[in-house]
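S.K.: What would the 3D arrangement of this be:
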Amino acid sequence: LVFIADRDNEKASTLMQFQTDGSTAMTIDSSQNVGIGTTSPRSITGYKGLTLNHATHGGFVQFQEDGTNTSHILGGPNSIDVSTQTSIPIYLKTAGDNIRMTIGSDGKVGISTTSPRSLLDLGTGTDGAVSNTAADYQLGLHAAQSTGGDIGRNIGFIAATGGTVTAAINSVDEGGSDQTGLIFLTGNATSIDERVRIDQSGNVGIGTTSPGYKLDVKNNSATAYSSAASPSNVIARLTNGTTQTNSHASFLLNATNDNGAVDFWWMTCVSQSTNYDGFLAFSARTTSSASTELVRFANNGRVSMQVL
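M.R.: Model (predicted):
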């Protein structure tokens, strides 16, 4: 069956139309654009198009295998629905048959993997040495670089109840030559504040936005000294959570001299078997395999010293 309209091109912009029940069901315009449910299929210069129209709902394309519905594309007034009707994934491909993104039948999304292991899986990537080449990374986020101190809003943790960001990890512009730091923010539904910063040189600041040392901790609350059992102005705490005789927590300092030997100094808080009968000891490494306690402060105020 052959349909020919204006074979001799006697009239410009001739249409071919198919009707059912007295109404136009399909139109092919002179540019070979096809419309179903419309007499005016959309035309875009340089392209051949298919327009599906419904008075209230839009249109869809259904795919079947041997009479069984497998998937469809549905365009409605408020959304576009790309759906599978069996347990098959959705693939997005480029450059031929190369799968770039997978949406599994369980809703998991994979980029550079066809078997996503979590809600979002970026694949295995490529292992190697430290690199500052963007293409070497699985995920790239914007690093703020416009005005010193600007913050790139990179990762926000959103509370399910109020829908506000209650914690975040952001980049921060720290000056010329693309100097970039990281800041960690926490808070509540009303506001978030910076708690920790790692600057461009690797210094870590807690309570300060300008760390001057490898670890710089600042307590911004102004309280007077107190000898109470539980002081309120503590900046840091070292705790050993085990319950045993002579349980202890230590703070270690070490340095390597020009001969390669490592010197150790440490401060240790020791809890003895009797309640509130502990002591604070300062020790040092005296040989390559031995150390000696040099000073001890007992909780009754007594001080003992080791003379070497």
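S.K.: Spatially central residue for this protein, please.
M.R.: The C-alpha lying nearest the average C-alpha coordinate of the chain belongs to residue 155 (C-alpha atoms, centre = their mean; 5.2 Å).
S.K.: Where does the prediction get shaky in the stretch 1-150 of the chain?
M.R.: Scanning the stretch 1-150 of the chain for pLDDT under 70 picks out 1-12.
S.K.: same thing but 90
M.R.: 1-17, 19-24, 30, 55-58, 76-77, 86, 124-128, 144-150 (pLDDT under 90).
S.K.: Could you give me the buried positions within stretch 71-88?
M.R.: Residues of stretch 71-88 classed as buried: 71, 74, 75, 84 (neighbour count, 16 or more other C-beta atoms under 10 Å). Any C-beta I mention is one placed from the backbone N, CA and C, and that applies to glycine too.
S.K.: An error on my part: the question was meant for stretch 289-297.
M.R.: 294, 296, 297.
S.K.: which non-adjacent residue is nearest the last one?
M.R.: In space, and not counting its chain neighbours, residue 297 is closest to residue 280: 4.4 Å by C-beta to C-beta, 6 or more residues apart in numbering.
S.K.: So what does the one you found have for phi and psi?
M.R.: With angles defined as degrees, to the nearest 10, residue 280 sits at phi -110, psi 120.
S.K.: Next up, the contacts around it.
M.R.: Contacts here follow C-beta atoms under 8 Å, 6 or more residues apart in numbering; on that basis residue 280 touches 267, 268, 269, 270, 296, 297.
S.K.: Provide the contact partners of the helix or strand hosting the third one at residue level.
M.R.: Just to be clear, that refers to residue 269. Using DSSP states H and E, residue 269 maps to strand 262-271. By C-beta under 8 Å, 6+ apart, the residues outside strand 262-271 that reach it are 238, 240, 246-257, 278-285, 291.
S.K.: Could you do stretch 156-167 as well?
M.R.: 168, 184, 185, 186, 187, 188, 189, 190, 192.
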